[in-house]
Structures are given as structure tokens and as C-alpha cells.
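Asker: here is my input, please return the structure:
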Amino acid sequence: MGFDTVHTAVPGSLRSPESAIMSSVRILLIGPPGVGKGTQATKLKERFGMAHLASGDIFRSEISNKTELGLLAKSYTEKGQLVPDEVTIEMMAKHLMAPDIQAGGFMLDGFPRTLAQAQALDRLLESMNLKLERVIVMEIDDEAVVARLGGRLSCANCGAVYHKVFNPPKIENTCDKCGNGLFVRPDDQPETIRGRLKVYHCQTAPVIEYYKRHCVVQKVDASQSPDAVFQSIVDGLPA
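Answerer: A predicted model of the protein is given here:
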């Protein structure tokens, strides 16, 4: 999905009064891989018209469009290295400073991941006379994440994603959409998932503590159904 699609907002004439108010709210979604941040961001966008700034989508868009930042990020990922904070910050700043984003509300998803990124984001928002109004921490047990991600099946041809238990394909190991064979991504292997969770907890715990000092932090039980999680998020947003 390209970035332009990701942050398209709902036209003002189509918004309900509730959506018109909420579309100016700026929030951050934090949670481990597999917690459902993308699902909740999609629901919030559909309900309120908030722009969705997903770092993963932005990275893929920049790399696909072969921008200077995208090529720089790719030079690290191709070597299996983490993209340095300064590159990630510059890439996200580029999109946060877009006029339509500055004029309305947004959801950040996947950024900031580290304390340095959080501090840089605050400096950027301050320079734009903006601030985060909610940091939503989606919490779930690590083993529940392993169960969720460990059962995922992906299609290399069309990108469709299934789950062995929760969303199985109609024909075993065959994509419903294109008929291609399905596979388990290397980063969806149980031990790999546990490694990703360890990195998440190590990097993100300081970020959450940082925001507790000067922002409203809302914790949500992400083990509930997607609809229940969504309602919990909405109940805690500013009226």
C-alpha cells in the first residue's frame, strides 16, 4: 500500500460532527508486533477520518519510489541491519510536515520505537506548534502474540495473509485470491517472534515511561476482540 493511500483523510463534507472533532486529534499507537495496531488504525481512520502514518508503509513507499531516504534505508535493510534512528526520524519528519497532516489529526503507528526517536518527535511537533494528545499502549501477553503470529500464512504472489486457526484458507496452503502456495515468513517463526518481542520490550519500555511524564498514556487490553479493543480506545479519547 502506498503512503498516499495510507494518509488520505475523509473529506470534511462527509464527516459526522463527531468525526470532524476527532479528526484533529493526534495519537500514538504503541504495542508489540501482532498486537493489532494496523487493525485499530484502520478502524479509527474509517470512523473519524484521522490520517494513518504507519512507519512500515512509509518505509516501503520511500524504498519503492527510490527516494534518497528510501535508498539509504534500503542500504541498511539489505545487510540485515537496523535503520539508524536519524534516518527513521528524517523519513517520518518528511511526512509529518506535509500540509494536510499538519492541518488535521493523525495516528502514528510503529514510530517512535526508541527513546531517541520519541525525543526527536517531540522536538519536531513543538516546532510545528503541535503535540500528542494520547499515547495508546496496546498490551497483550507475549505467548498470545506468538500464537497469533506463529499461525500466520502469507502469499508471496499477492501479499494476502491468513491464519491457520483464525482465518484459514479455503484450500489448505493455497491462497483464496490467486491460488498461489502459502508459506510461513521467517520472522513469523516462534523463536524469531520471541526475539522480536524481547527487542520491543527493551526499546519501548523507556518510550512509555518517557511519555508518562508529559502525556496522557492510555493502556488497552489488546487480548479482547478487535471491536472491543476499538471501543476501549474510543472511550479513552478526548471528547
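
Asker: for the rest of this, base every contact and every neighbour count on C-alpha atoms.
Answerer: Fine.

Asker: how many residues are close by T77?
Answerer: T77 has 12 neighbours, counted by other Cα atoms under 10 Å.

Asker: name the nearest residue to it, sequence neighbours excluded.
Answerer: Nearest non-adjacent residue to T77, counting by Cα to Cα, 6 or more residues apart in numbering: V83, 6.7 Å away.

Asker: for that neighbour, give me phi and psi.
Answerer: The phi/psi pair for V83 (degrees, to the nearest 10) reads phi -70, psi 130.

Asker: how about the strands in this protein?
Answerer: Listed in chain order, the strands found in the chain under DSSP state E are 26-30, 51-54, 106-109, 134-139, 152-155, 161-163, 182-183, 217-221.

Asker: can you redo those strands as a markdown table with mean neighbour count?
Answerer: Shown next, in a markdown table, are the strands of the chain (neighbours: other Cα atoms under 10 Å):
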| stretch | mean neighbour count |
| --- | --- |
| strand 26-30 | 22 |
| strand 51-54 | 24 |
| strand 106-109 | 24 |
| strand 134-139 | 20 |
| strand 152-155 | 22 |
| strand 161-163 | 18 |
| strand 182-183 | 18 |
| strand 217-221 | 17 |
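
Asker: just to revisit the earlier point, measure the residue nearest to T77 to L72 for me?
Answerer: Distance from V83 to L72, counting by Cα to Cα, to the nearest Å: 9 Å.

Asker: what of L82?
Answerer: L82 is 12 Å from L72, by Cα to Cα.

Asker: can you check E62 too?
Answerer: For E62, the distance to L72 - Cα to Cα - is 10 Å.

Asker: between the two, which one's more packed in?
Answerer: E62 (20 against 16).

Asker: so that one sits against G70, correct?
Answerer: Yes - E62 lies in contact with G70 (Cα atoms under 8 Å); the separation is 4.4 Å.

Asker: what sits against the residue nearest to T77?
Answerer: A73, Y76, T77 (Cα atoms under 8 Å, 6 or more residues apart in numbering).

Asker: for the first one, give me its contacts.
Answerer: For A73, the contact set (Cα under 8 Å, 6+ apart) comprises F59, I63, V83, V87.

Asker: buried only: go through the residues you listed for me.
Answerer: Among the contacts of A73, the ones that count as buried by 16 or more other Cα atoms under 10 Å are F59, I63.

Asker: max-length helix in the protein?
Answerer: helix 190-212 (DSSP state H).

Asker: ok, residues contacting that helix?
Answerer: Taking Cα under 8 Å, 6+ apart as the rule, helix 190-212 contacts 32-33, 112-115, 118, 135, 137, 142, 146, 149-150, 186-187, 217.

Asker: I'd like to know which of the strands of the chain is closest to M128.
Answerer: In terms of Cα to Cα, the element of the strands of the chain nearest to M128 is strand 26-30, at 12.9 Å.
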